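[1] Here you go, sequence then predicted model.
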Amino acid sequence: MRIVLGVTGGIAGYKAALLLRLFTESGHDVTVVPTSAALEFVGAPTWEALSGKPVQTGVFENVHAVPHVKLGQSADLVVVAPATADLLAKAACGMANDLLTNTLLTARCPVVMAPAMHTEMWLHPATQANVATLRERGVTIVEPASGRLTGADTGPGRLPDPDVIYEAALAAAASGTRRDGAEKVPVAREQGPLAGRTVLVTAGGTREAIDPVRYLGNRSSGKMGFAIAAAAADLGAKVTLVTTATPPADVASRVDVVMVESARAMREKVLEAEPDLLVMAAAVADFRPGEVATSKIKKTHGPGDDSAPVITLVRNPDILAEAVAQRDAKADSEARRRVIVGFAAETGDADGDVLFHARAKLARKGCDVLVANEVGDGVTFGQDESTAHLLRADSDEVVTVGPAPKSHIAAAVVDLAASIFTTQ
Ligand code: C5P
């Protein structure tokens, strides 16, 4: 689930860090949106490290990505904890002067607020009226707890424990209710930034047949491609997943799955589809056996015979490069608007670091975005976490995500691709 965690300027902000942990550890993709006052209490590095994503407070950073609209539109759940009296007042009035208040106005998903403030502020008629307005509009308010406040005083106004907010938030999300009316309808998907777009994602490592029994393969698990397919579906896209590995049920139920084995079969599916967004997350074998034996290659027997067959390899097509060439050869503007994302598993070496090699590969492949995964001993393949650098062909800017769950990296990749459509 895509969660926006709004944090406002209260001393209880540190408890939101624990709440964030509860969300991320249960596999949710969380974007933290602190107000500038919140950053006076707990700084941006804490939120970035715990969420694996950059944080932003205003609406004038990363304007090309239109975050003030997109975050709210694509969220499955917005949680504000702690919510100060100031935030409750702004939300009740529909003000939109920073990223969090903009997000609250654009969100159509369930919204949960956990107020925290001094007892006098909480009990003030203005705050109580604002809370009543928000409740009427469908916002779930988690009642503040009573107890010791910041100073020596006690009373209602304490932020409840993170697990209480966590449970309330999940319950609100499970209710699947929109907050723009009393009517309970499922959360709308048609409004996502990729609504109406076709997206094709490749996943897994190709298998290149040696004979009817054996193949040449690689260690790719397909997890990154699955996460990207899910992230694109989250944003409203019609997704086709061309994969060598079987996706989990929660992904398969939301996308069209096309199972393939070899690079050549994958190539055929990719080139015939011509999707609006192509994400080549598969580990495509660069080589395949030049000849495939029609029956199982047998061991030979005989005194002193330890011979083994020699398998000659030939080059496989570079699907990504061909997809770029196919798009660029089309003069019509539709084809030019298509976005192509490539992946690269990179290590630094004597010639340059990961980014140096990634920039060179981006230029060589001609795609719009290159996602460079840092690889090394046991890193990336089959793991749930990795570090990725997102490079764009039209900018020197690099976004680094991680070490973070693949779902976070996938969300960042799909967001970046969606932002390219928005700015075209
Ligand atoms: O050149 P390299 O294999 O590092 O490039 C990786 C990127 O190119 C990935 O996006 C991968 O899916 C794609 N690729 C491809 N066809 C190949 C080899 C790689 O599309 N034969």
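    Nice, I can see it.
[2] Tell me the helix or strand right after the helix or strand bottoming out on mean pLDDT in the chain.
    Comparing every helix and strand of the chain by mean pLDDT, DSSP states H and E singles out helix 333-336 as the least confident one, with a mean of 70. Sequence-wise, the next helix or strand downstream of helix 333-336 (DSSP states H and E) is strand 339-346.
[3] residues in contact with that next one?
    In this structure, residues lying in contact with strand 339-346 by C-beta atoms under 8 Å, 6 or more residues apart in numbering are 224, 276-281, 283, 320, 323-324, 327, 354, 357-358, 361-362, 365, 367-375, 380, 413, 417, 420-421. Yep, even glycine has a C-beta here, placed from its N, CA and C like the rest.
[4] now, which of those residues lie within strands?
    Leu277, Leu278, Val279, Met280, Val369, Leu370, Val371, Ala372, Asn373, Glu374 (DSSP state E).
[5] buried subset of those residues?
    With neighbours counted using 16 or more other C-beta atoms under 10 Å, these contain these buried positions: Leu277, Leu278, Val279, Met280, Val369, Leu370, Val371, Ala372, Asn373, Glu374.
[6] was I right about the fourth one contacting Ala321?
    Okay, so that is Met280. No. Taking contacts as C-beta atoms under 8 Å, Met280 lies outside contact range of Ala321: 9.9 Å.
[7] residue contacts, the nearest residue to Trp47 once chain neighbours are set aside?
    Among residues not flanking Trp47 along the chain, Val32 sits closest, at 4.1 Å (C-beta to C-beta, 6 or more residues apart in numbering). Neighbouring residues of Val32 by C-beta under 8 Å, 6+ apart: Val4, Leu5, Val7, Leu20, Trp47, Glu48, Leu50, Ser51, Lys53, Val55.
[8] Show me which of those is closest to the ligand.
    When these are ranked by distance to the ligand (C-beta to the nearest ligand atom), Lys53 comes first, at 22.7 Å.
[9] residues near that closest one, how many?
    By the other C-beta atoms under 10 Å criterion, the neighbourhood of Lys53 contains 22 residues.
[10] Can you say which helix or strand has it in it?
    Lys53 belongs to no helix or strand when elements are defined using DSSP H and E.
[11] Next: Val242.
    Using DSSP H and E, Val242 sits within strand 238-243.
[12] what helices or strands is that strand leaning on?
    Applying 3 or more C-beta pairs under 8 Å, 6 or more residues apart in numbering; DSSP states H and E, one finds that strand 238-243 makes contact with strand 198-203, helix 223-234, strand 256-259, helix 263-273.
[13] would a markdown table of these with mean neighbour count be doable?
    Below are those laid out as a markdown table (neighbours: other C-beta atoms under 10 Å):
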| stretch | mean neighbour count |
| --- | --- |
| strand 198-203 | 28 |
| helix 223-234 | 28 |
| strand 256-259 | 15 |
| helix 263-273 | 18 |
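[14] and the ones you listed as CSV, adding distance to the ligand?
    Supplementary listing: the helices and strands packed on strand 238-243 in CSV, determined by distance: least, C-beta to the nearest ligand atom, whole Å:
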stretch, distance to the ligand
strand 198-203, 6
helix 223-234, 9
strand 256-259, 15
helix 263-273, 6
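[15] Cool, thanks, talk later.
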